[in-house]
Structure formats: C-alpha cells, structure tokens
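> Turn this into a model:
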Amino acid sequence: MRQFSSPITVGLLALTLLLGSQPGRAAVDPYRLYLAERGDIPWQSLSPEEQKALRHHRGKWDSYSSERQKSMRQGTQRYLKLPPEKRREVEQQRRQYEQLSPEERRRLREKYRREHR
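Numbers count the residues shown, from 1 in each chain. So this is what the prediction gives:
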C-alpha cells in the first residue's frame, strides 16, 4: 500500500511535532518585563535625540513613574520639533532656572500653576 503525502498532511505532522516538543524559551529580561508591566518607557527605547535631550535624567529615569516618563518624553518630542533659535532660548531659560535657589524655584512653580489653571 502506497501512502501519498499532501501539503496538509506534512503541515499537520510538523505542527504535531512542534506542539509535542518542549516549548522553546526565549530569554526574557525580568527587569524589562517589570517595566513593561508598569507601563514604563525603558531608557533604551528612547531615540538617540531623546536620550541626549533627557541626559540629565538618565540615572533617575527608571525611578520615575510611567506618567512622568510619558510626560517628559512628550515634552522632549515637542522640544525636538522647535527651530534651533527657539531651542537655544529654551536652553538658556533652563540654565537660568538651574541657578535659582530651591525657594526661588518653588515660588516660580507656584506662580506658573496659578497662571496656567
């Protein structure tokens, strides 16, 4: 008796062999899985331009909430769309802000919140 192999038979045989064998286990980084479950944005997933703009936050990035990461990334993307002249202005303002005392920064944040409600 001669048996004929059809593509369907071969496919079913291959599927049976795959399902019956030990499933292959892909190496999963538990830390990246943890970040994904929290909804965090891994630093490595940021573009090089985003990483450069956010370089001051590199060491603390993973400790930020997913909401803060998302907000910072959106702000960075808006910044990257600015013309070079406007970027220089923003950088100058950032440097001025960094030179303020903690009390001056607090007052400035409160003033901003009042004006942008």
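> Let's verify residue 41: helix, strand, or coil?
Following DSSP: H, G, I helix; E, B strand; the rest coil, the label given to residue 41 is coil.
> Go ahead and confirm it touches residue 71.
No. No contact is recorded between residue 41 and residue 71 when judged using C-beta atoms under 8 Å, the distance being 10.6 Å. All C-beta atoms are positioned from the backbone trio N, CA, C, and that covers glycine.
> and residue 66, how far is that from residue 58?
Using C-beta to C-beta, to the nearest Å, residue 66 is found at 17 Å from residue 58.
> Residue 49 too?
Going from residue 49 to residue 58 by C-beta to C-beta gives 14 Å.
> and what of residue 94?
To residue 58, residue 94 is 16 Å away according to C-beta to C-beta.
> Count the residues that sit near residue 69.
23 (other C-beta atoms under 10 Å).
> Okay, and it sits in which element?
Using DSSP states H and E, residue 69 sits within helix 66-80.
> domains in the protein, as residue ranges please.
29-81, 83-117 (automatic domain parsing).
> Which parts of this protein are helices?
For the chain, the helices defined by DSSP state H occupy 7-20, 30-38, 48-53, 66-80, 84-98, 102-115.
> Out of those, which gets the lowest mean score?
Mean pLDDT per stretch puts helix 7-20 lowest among those, at a mean of 51.
> one step back: let me know which of the domains of the chain is tucked in deepest.
domain 29-81 (a mean of 13; mean count of other C-beta atoms under 10 Å).
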